[in-house]
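Asker: Build the 3D model from these lines:
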Amino acid sequence: MIKYLYLFLTLGSLSVPLLYSIFEKKFHFIQHFKIAFKSILIVAIPFLIWDGIFTEIGVWGFNSKYHLSVYLFKMPIEEWLFFFCIPYACLFTHEVLKYLFPKFKLVKNLTIITSVILIVLTGILLFINFGKLYTTINFIFFLIVIIYGLKIKLNTLQEYLPSFLVILIPFLLVNGVLTGSFIAEPVVWYNNNENLGLRLFTIPIEDVFYAFNLLFSIQLIFNAFKTKKDVSE
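Answerer: A predicted model of the protein is given here:
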């Protein structure tokens with residue numbers, strides 16, 4: 001049973017959002033499945049390449065006790081599923097929050113202040129720790145994404161930042177298990193020479209930035225596809 005842990009976590013995270021997407025007729029998120037999948041796939045490709053390289057050079061790796069013995073480019077099949085199942089659940093969550101609570105967004109000035117603080121803190125940490133691979137690549141990516149949001153897609157950033165705090169709750173629970181919370185050994189291990197060494201319980205602090213990079217990038221592309229679809233209809 002323990003061999004299926006990573007698979008259960010991944011598919012379990014997808015199950016409720018997917019079933020709700022199909023059977024809930026008012027919001028009916030399944031109508032956007034095609035553009036959701038395209039958005040997730042576009043972002044998954046570079047992230048999977050990144051993942052594969054970091055796995056190859058030992059920045060992180062996977063405990064074979066907790067996943068199936070099916071590999072693609074030295075990564076377990078569950079890791080590939082992660083980049084589709086988790087983003088779908090998070091994309092769905094943000095869209096539901098927008099639908100149910102249209103005013104659930106930060107005011108413009110607070111969004112700008114929050115973003116600037118994050119940019120400054122991330123920039124300082126990047127400068128001090130430049131060369132640590134997970135920290136360096138992750139923080140550079142974050143700075144690009146957050147600055148783009150701040151300068152070009154401020155309204156999207158206003159909507160997404162509070163949603164991201166909600167999304168972080170289940171994301172951190174799943175990631176907590178993957179990194180060793182509640183179980184004897186981590187499913188995913190990290191080389192601490194390549195990160196800050198700071199953890200939220202068992203989760204490297206970089207994972208929060210990694211999650212934002214992945215999920216906000218998908219949201220930006222999804223919004224673009226959805227706008228194009230709405231205009232054409």
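Asker: make it CA atoms for all contacts and neighbour counts henceforth
Answerer: Will do.
Asker: so how far is the helix of greatest length in the chain off the chain centroid?
Answerer: Using DSSP state H, we find that the single longest helix of the chain is helix 206-232. In terms of C-alpha atoms, centre = their mean, to the nearest Å, the centre of helix 206-232 is found 10 Å from the chain centre.
Asker: Equivalent analysis for stretch 147-159, please.
Answerer: The answer for stretch 147-159 is 17 Å, by C-alpha atoms, centre = their mean.
Asker: measure it end to end?
Answerer: Start to finish, the residues bounding stretch 147-159 are 15 Å apart (C-alpha to C-alpha, to the nearest Å).
Asker: Contacts for it, please.
Answerer: With contact meaning C-alpha atoms under 8 Å, 6 or more residues apart in numbering, stretch 147-159 is reached by 98, 104, 105, 106, 107, 108, 111, 112, 115, 119, 220.
Asker: which of those residues lies closest to residue 206?
Answerer: Nearest to residue 206 out of the contacts of stretch 147-159 is residue 119 (C-alpha to C-alpha; 14.3 Å).
Asker: wait, what's in contact with that closest one?
Answerer: Counting by C-alpha under 8 Å, 6+ apart, the residues that residue 119 touches are 143, 146, 147.
Asker: Emit the PyMOL select command for whichever of the residues you listed are buried.
Answerer: Of the contacts of residue 119, the buried ones go into a single PyMOL selection, burial set by 16 or more other C-alpha atoms under 10 Å:
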select buried, resi 143+146
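Asker: Next step: the contacts of residue 119 restricted to helices.
Answerer: Short answer: these in helices (DSSP H) are 143, 146, 147.
Asker: Give the closest residue to the second one in space, chain neighbours not counted.
Answerer: Using C-alpha to C-alpha, 6 or more residues apart in numbering and skipping residues adjacent in sequence, the residue nearest residue 146 is residue 115, 6.9 Å away.
Asker: who's in contact with the one you found?
Answerer: 146, 147, 150.
Asker: I'd assumed the last one was in a helix, is it?
Answerer: In this case it means residue 150. Yes. Remark: residue 150 belongs to a helix, assigned using DSSP: H, G, I helix; E, B strand; the rest coil.
Asker: That one: neighbour count?
Answerer: 19 (other C-alpha atoms under 10 Å).
Asker: Nearest to residue 187, out of the ones in helices among the contacts of residue 119: which one, please.
Answerer: So of the ones in helices among the contacts of residue 119, ranked by how close each gets to residue 187 (C-alpha to C-alpha), first place is residue 143, at 28.6 Å.
Asker: picking up where we left off before, the longest helix of the chain packs against which elements?
Answerer: For helix 206-232, the contact count by 3 or more C-alpha pairs under 8 Å, 6 or more residues apart in numbering; DSSP states H and E identifies helix 33-57, helix 77-100, helix 133-151, helix 154-178 as packing neighbours.
Asker: Of all these, which one is nearest residue 8?
Answerer: helix 77-100 (9.2 Å).
Asker: Flag the shaky bits of this structure, pLDDT-wise.
Answerer: Low-confidence segments of the chain (pLDDT under 70): 230-233.
Asker: repeat that with 90
Answerer: Counting by pLDDT under 90, the chain has low-confidence residues at 1-2, 16-31, 73-74, 100, 102, 171-172, 181-182, 184, 227-233.
Asker: returning to what we had before: next step: the contacts of stretch 147-159 restricted to helices.
Answerer: Among the contacts of stretch 147-159, the ones falling in helices (DSSP H) are 98, 108, 111, 112, 115, 119, 220.
Asker: tell me the contacts of the second one?
Answerer: With contacts defined as C-alpha under 8 Å, 6+ apart, the neighbours of residue 108 are 154, 155, 158.
Asker: Now, of those residues, which are buried?
Answerer: Among the contacts of residue 108, those classed as buried by 16+ other C-alpha under 10 Å are 154, 158.
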